[in-house]
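> Predicted coordinates and the sequence they were generated for:
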Amino acid sequence: MATKSICLFNHKGGVSKTTTTFNLGWSLARLGHKVLIVDLDSQSNLTGLVMGYTSINDDEMEAFYESRSNLTMQPIVEALINGISPAEFIKNDKGQLTSTGHPNLTLLPGHLDVADLDAQISVSLKIASGIPATRNIPGNLPLVLQEIAKSSGADYVLYDLSPNVGGLNEVILMSSDYFIVPASPDYFCLQAIGSLEKNIKKWHREITRFKEDNGFDSKSFPIKNKPKFMGAIQQRYRPRNDKPAKSFDAWINKIRNAIDIKLAPTLEKIDCIIPRAEVQKQLEGTGLSAYDLAHIPDFNSLIAISQQLSKPVFALTDEEIKTVGKVFGHAELTMIESRDRFDEVFEELGKRIVSLTS
């Protein structure tokens, strides 16, 4: 199968975007798919999550990035800023992707220098028609990432973006096949839905004009400008009787309504959304409605064990919960039951994603 790209994006921070990228990647890997997760946030939180917040010290991390046997965003950014073509970089770089705790899941680690490329792309999108030497810059990053994913044999590539509306996020989202919006039940996330609607409409118009002004063929240009919105993942709420507590449920409904009233109609006009009926079909019998792909409550104390072991909460073993979590008796049983519920939620989410992208 051809590699399918999914972008996880919300320019409001604190919505568990990075954790969702890691967990979804692991879920798809467990279903037998080869998955590449790409850290495009200059803070490199996804990289820290995979490699271990506490297990690697600064000297080891410095050695990791200095070794050309490891492929990271650092040499990619350096090459593209220095005008090296994607084809030349792919031909000459011999670095390897970073393994994770699952054999089907690999990571392309992030780097602080990604922010430099972000600025270059933003400028190039605006001046390329007047300065032709810059016309290839916006498409170069999507192209090199697509080639890396293809050469790795990935069935899926998941992009973890930073919470901003810069040029890098623009070209990656608009070059992806699909995108998902992680959301948290609060006022600022509700505001972000309206902002997303305005920015994606603006980006679509800007990329269309950019391609036309610079004579790029839509079929071969790496920024296809047709990412399909799959839905939101509503998360980070406190549950009560396995459902969101009343105050959180109110915000979840407001966010869903904002997607229905503001975001979805705009995306339909520019052909950047999976039809509601197709999403709803995948949600039959779940109690969810389009465009909510999943409801995921707080991980609570499981998250500390998960981060320490660099694996999702739903992949923790009974023994890991007991020994690393240092719990026993009722607390241990409660955490195992929570792990099992998360396991079910993420397995179903993974299957939902596979069906929607088939």
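Arrived safely, thanks for sending.

> Whichever helix in the chain runs longest packs against which elements?
Counting by DSSP state H, the longest helix found in the chain is helix 329-357. Judged by 3 or more C-beta pairs under 8 Å, 6 or more residues apart in numbering; DSSP states H and E, helix 329-357 is in contact with strand 4-8, helix 17-30, strand 228-235, helix 276-282, strand 292-296, helix 302-309, helix 318-324. Yep, even glycine has a C-beta here, placed from its N, CA and C like the rest.

> Can you convert these into a markdown table and add a column each for mean pLDDT, mean neighbour count and distance to residue 250?
Formatted as a markdown table, the helices and strands packed on helix 329-357 follow (pLDDT from 0 to 100; neighbours: other C-beta atoms under 10 Å; distance: least, C-beta to C-beta, whole Å):
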| stretch | mean pLDDT | mean neighbour count | distance to residue 250 |
| --- | --- | --- | --- |
| strand 4-8 | 97 | 24 | 25 |
| helix 17-30 | 95 | 25 | 22 |
| strand 228-235 | 94 | 24 | 12 |
| helix 276-282 | 96 | 15 | 22 |
| strand 292-296 | 92 | 23 | 14 |
| helix 302-309 | 91 | 18 | 25 |
| helix 318-324 | 95 | 15 | 33 |
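
> I'd like those written out as a markdown table, with distance to residue 84 added.
Converted to a markdown table, the helices and strands packed on helix 329-357 look like this (distance: least, C-beta to C-beta, whole Å):
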| stretch | distance to residue 84 |
| --- | --- |
| strand 4-8 | 23 |
| helix 17-30 | 28 |
| strand 228-235 | 32 |
| helix 276-282 | 41 |
| strand 292-296 | 38 |
| helix 302-309 | 36 |
| helix 318-324 | 44 |
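
> Looking at those, which is nearest to residue 347?
The closest of the helices and strands packed on helix 329-357 to residue 347 is helix 17-30. By C-beta to C-beta, the value is 6.5 Å.

> Quick one: distance of the helix or strand just after the closest one to the chain centre.
Downstream of helix 17-30, the next assigned helix or strand under DSSP states H and E is strand 35-40. The chain centre lies 8 Å from the centre of strand 35-40; the measure is C-alpha atoms, centre = their mean, to the nearest Å.

> So what's the gap between the next helix or strand after strand 35-40 and the chain middle?
The helix or strand immediately downstream of strand 35-40 is helix 45-51, counting by DSSP H and E. Counting by C-alpha atoms, centre = their mean, helix 45-51 is centred 13 Å from the centre of its parent chain.

> Helix 45-51: what's the following helix or strand?
helix 58-66.

> Go through that next one and flag the buried ones.
Residues of helix 58-66 classed as buried by neighbour count (16 or more other C-beta atoms under 10 Å): 64, 65.

> Need the residues that contact it.
51, 56, 70, 72, 74, 109, 111 (C-beta atoms under 8 Å, 6 or more residues apart in numbering).

> Roughly how far does residue 10 sit from residue 46?
15 Å (C-beta to C-beta, to the nearest Å).

> With residue 13 instead?
Where residue 46 is concerned, residue 13 sits at a distance of 14 Å (C-beta to C-beta).

> Settle it for me: which of those two has more neighbours?
With neighbours defined as other C-beta atoms under 10 Å, residue 13 and residue 46 compare such that residue 46 has more, 27 against 14.

> follow-up on the earlier one: between which two of the contacts of helix 58-66 is the distance greatest?
56 and 74 (16.1 Å).

> show me the contacts for the nearest residue to residue 355 once chain neighbours are set aside.
With C-beta to C-beta, 6 or more residues apart in numbering as the criterion, residue 355 has its nearest non-adjacent residue at 5.4 Å, and that residue is residue 282. Contact partners of residue 282, counting by C-beta under 8 Å, 6+ apart, are 352, 355, 356.

> same deal with residue 78?
By C-beta under 8 Å, 6+ apart, the neighbours of residue 78 are residue 113.

> Can you tell me the element it falls in?
helix 73-81.

> to the chain's geometric centre, what's the distance from that helix?
Worked out by C-alpha atoms, centre = their mean, helix 73-81 lies 20 Å from the chain centre.
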